[in-house]
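K.L.:
Dropping a prediction and its sequence here:
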Amino acid sequence: MSPPSSPAVSPTLPLAAPSEERADNRHGILCMVLGMSLFTLNDAIGKWLVEIYPVPMILAVRGAASMLILAPLIIRAGPVKVFRVAKPLAHLTRVVLIALEVALFFLSVRALPLADVMTIYMAAPLFVTALSVPLLGEKVGARRWSAVGVGFVGVLLVLRPTGDVISWGAMAALAGSLTFAFTLILTRSLRGTGALSMVSLQTLGIGLAGAAVAPFVWIPPTPVHLALLAVLGVVAVVGHVLINRSLAVSPAAVVVPYQYSSLVWAMALGWLVWNDVPDAWVLSGAALIIASGLFVFHREQRAAPVPSVSSEAGAG
């Protein structure tokens, strides 16, 4: 899914009374569910618009709208402080990967139902687990490797194990999911960067990438369509805020599983807008991917030395 790509690290919170903790958890869960629903709505709007307008144009207008929302925050924090970051080459690489991933997402939803694409994108955390061994030197036990294997079986089910040639839309979704996984891995090395810097850099980068090509493919939008193109950027920023808030007030182990609620929203919107109903292959694949993803997350939480997490859930 054109998932949110800003790291949101949950701080270590002081001990609270059980009633306060339950209230915080309800608050965190609500923020996570709302954030994921907004990202899914964003993806649905994008799927509808990409059938009319070229991807670079969507990226350019979306990026401009997002930057207008972020501008007051950037000015208050200080533009130099926001955009002057350590490891500039790593940040540039991350921005390029995010722009590529978002473009692949929009290309894939042009050809496939929204729920199918988002199911394939849910395999990104499994790709991260597999790639963290050669790229980060992390150790993955037999149980997590087994879960990754089960998740990849789920991906194959979504891709249709019929022997036919896999569609270009499915290949674009798979490439987007893998690109998103590389983005997540790279982000692990940039954890010290503030959330505003990460979001601002990626938003600016996506907008500039689209603006570089948009003049050559520009289609004059109607006022309604122009407003919807701008909504893509506004909703993405609000979704980031909600997910960051969710991870700030509640433990990651409580709220991160609710990221999978995006698939429910995707199925509902796909049925309401395009009359798409996921078939048995997609539902079976989604079940395996979600189950394996939750298992891997649970094992990583148990192995984590401190109660924090960097979450990069799903963005349009």
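P.N.:
Looks like it arrived, so ask away.
K.L.:
how about the residue lying closest to Glu51 once chain neighbours are set aside, phi and psi?
P.N.:
Distance criterion Cβ to Cβ, 6 or more residues apart in numbering; nearest residue to Glu51, sequence neighbours excluded, is Arg110 at 6.4 Å. (Glycine included, C-beta is placed from N, CA and C.) Phi and psi for Arg110, reported as degrees, to the nearest 10, are phi -70, psi -30.
K.L.:
which other residues reach stretch 154-170?
P.N.:
Contacting residues not belonging to stretch 154-170 are listed as 107-112, 116-117, 119-120, 123, 174, 281-282, 284-289, 292 [Cβ atoms under 8 Å, 6 or more residues apart in numbering].
K.L.:
filter the residues you listed to the buried ones?
P.N.:
Buried members of the contacts of stretch 154-170, counted by 16 or more other Cβ atoms under 10 Å: 107-112, 116-117, 119-120, 123, 174, 281-282, 285-286, 288-289, 292.
K.L.:
for the stretch 101-250 of the chain, what are the low-confidence residue spans?
P.N.:
Scanning the stretch 101-250 of the chain for pLDDT under 70 picks out the ranges 161-165.
K.L.:
can you pull the alpha-carbon coordinates of stretch 223-238 into PDB?
P.N.:
Output of stretch 223-238 as PDB, limited to C-alpha atoms (Å, rounded to 0.1, in the frame of the first residue of the first chain):
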ATOM      1  CA  PRO A 223     -11.800  21.700 -10.100                       C
ATOM      2  CA  VAL A 224     -13.200  18.700  -8.400                       C
ATOM      3  CA  HIS A 225     -10.300  16.400  -9.500                       C
ATOM      4  CA  LEU A 226      -7.700  19.100  -8.500                       C
ATOM      5  CA  ALA A 227      -9.300  19.200  -5.100                       C
ATOM      6  CA  LEU A 228      -9.100  15.400  -4.800                       C
ATOM      7  CA  LEU A 229      -5.400  15.500  -5.900                       C
ATOM      8  CA  ALA A 230      -4.700  17.900  -3.100                       C
ATOM      9  CA  VAL A 231      -6.700  15.800  -0.700                       C
ATOM     10  CA  LEU A 232      -4.200  13.000  -1.300                       C
ATOM     11  CA  GLY A 233      -1.500  15.100   0.300                       C
ATOM     12  CA  VAL A 234      -3.500  16.400   3.200                       C
ATOM     13  CA  VAL A 235      -4.800  13.000   4.200                       C
ATOM     14  CA  ALA A 236      -1.300  11.500   4.000                       C
ATOM     15  CA  VAL A 237       0.000  14.100   6.500                       C
ATOM     16  CA  VAL A 238      -3.000  13.600   8.900                       C
END
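K.L.:
Just the buried positions in it, please.
P.N.:
Buried residues in stretch 223-238, defined by neighbour count with 16+ other Cβ under 10 Å: 225, 228-238.
K.L.:
can you check stretch 148-164 too?
P.N.:
Buried positions in stretch 148-164, judged by neighbour count with 16+ other Cβ under 10 Å: 148, 150-152, 154-155, 157-160.
K.L.:
that older thread, restricted to strands, list the buried ones among the contacts of stretch 154-170.
P.N.:
With strands taken from DSSP state E, there is no overlap with these.
K.L.:
Verify the stated contact: His240 with Val199.
P.N.:
Yes: if you go by Cβ atoms under 8 Å, His240 and Val199 touch, sitting 5.7 Å apart.
K.L.:
Surely the residue nearest to Glu51 touches Lys47?
P.N.:
Yes: if you go by Cβ under 8 Å, Arg110 and Lys47 touch, sitting 7.3 Å apart.
K.L.:
Mind putting the buried residues of stretch 223-238 into a markdown table with secondary structure and distance to Pro79?
P.N.:
Below are these laid out as a markdown table (DSSP: H, G, I helix; E, B strand; the rest coil; distance: Cβ to Cβ, whole Å):
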| residue | secondary structure | distance to Pro79 |
| --- | --- | --- |
| His225 | helix | 31 |
| Leu228 | helix | 29 |
| Leu229 | helix | 25 |
| Ala230 | helix | 22 |
| Val231 | helix | 26 |
| Leu232 | helix | 24 |
| Gly233 | helix | 19 |
| Val234 | helix | 21 |
| Val235 | helix | 24 |
| Ala236 | helix | 21 |
| Val237 | helix | 17 |
| Val238 | helix | 22 |
